[in-house]
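J.: Return a 3D structure for these sequence lines:
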Amino acid sequence: MSVKYNVLRRRNPQDLLAPDKYYAAAVGDGETDLDTLAEMIAYQCTVTKPDCYAVLMALEHNIISELRQGRIVKIGSLGNFQVGLSSLGMEFATDVTANAIISNRILFRPGKQLRILLKSISYRKNG
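T.: Alright, predicted model coming up:
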């Protein structure tokens, strides 16, 4: 299988007077939810679909709980999740407080298996 892409025309946000250019943008080709994943896993092992679903729900719950506590969550060769943040710059270190934090996000660092996938992926134009 290959990843589909569309061609999009975009402006240069750093130079609005520059001519537009065309870029490739990945197109999602459907979705797979936890219920479907549980079913897929159940067919690949001796665990039932409801048991797989329960484990996946517990995994989701625990990842969120651990991230909330500031921990890095390592999911084997899949990768790591971590909370990242952005803050205002202050002149002195003592001026940096929680009030300086202006946004946060979830960082994902792909593990070995996903890095291998990215090196071997193929693409096809949508449509």
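J.: next one: stretch 72-90 to chain centre, how far?
T.: Relative to its parent chain, stretch 72-90 has a centroid offset of 11 Å by CA atoms, centre = their mean, to the nearest Å.
J.: Export only the CA atoms of it, formatted as CSV.
T.: Provided in CSV are the C-alpha atoms of stretch 72-90 (Å, rounded to 0.1, in the frame of the first residue of the first chain):
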residue,chain,number,x,y,z
ILE,A,72,7.5,10.4,29.4
VAL,A,73,5.5,7.4,28.2
LYS,A,74,7.5,4.9,26.2
ILE,A,75,5.5,2.5,24.0
GLY,A,76,8.2,0.0,23.0
SER,A,77,9.5,0.4,19.5
LEU,A,78,6.4,2.4,18.6
GLY,A,79,7.8,5.6,20.2
ASN,A,80,7.5,8.0,23.2
PHE,A,81,4.9,10.5,24.2
GLN,A,82,5.8,13.6,26.3
VAL,A,83,4.2,16.9,27.2
GLY,A,84,5.9,19.9,25.6
LEU,A,85,5.2,23.6,26.3
SER,A,86,5.9,27.1,25.0
SER,A,87,6.5,30.1,27.3
LEU,A,88,7.1,33.8,27.1
GLY,A,89,10.8,34.8,27.3
MET,A,90,11.8,36.6,30.5
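J.: And for that stretch, what's in contact with it?
T.: With CB atoms under 8 Å, 6 or more residues apart in numbering as the test, stretch 72-90 has contacts from 63, 66-67, 70, 96, 100-114. Where C-beta positions appear, they are placed from N, C-alpha and C, glycine not excepted.
J.: Looking at those, which are in strands?
T.: In strands, defined here by DSSP state E, the members of the contacts of stretch 72-90 are Ile101, Ile102, Ser103, Asn104, Arg105, Ile106, Leu107, Phe108, Arg109, Pro110.
J.: Quick one: those as a markdown table, columns for distance to Pro19 and pLDDT too.
T.: Shown next, in a markdown table, are the ones in strands among the contacts of stretch 72-90 (distance: CB to CB, whole Å; pLDDT from 0 to 100):
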| residue | distance to Pro19 | pLDDT |
| --- | --- | --- |
| Ile101 | 38 | 96 |
| Ile102 | 33 | 96 |
| Ser103 | 32 | 97 |
| Asn104 | 36 | 97 |
| Arg105 | 32 | 97 |
| Ile106 | 36 | 97 |
| Leu107 | 34 | 97 |
| Phe108 | 34 | 97 |
| Arg109 | 36 | 97 |
| Pro110 | 34 | 96 |
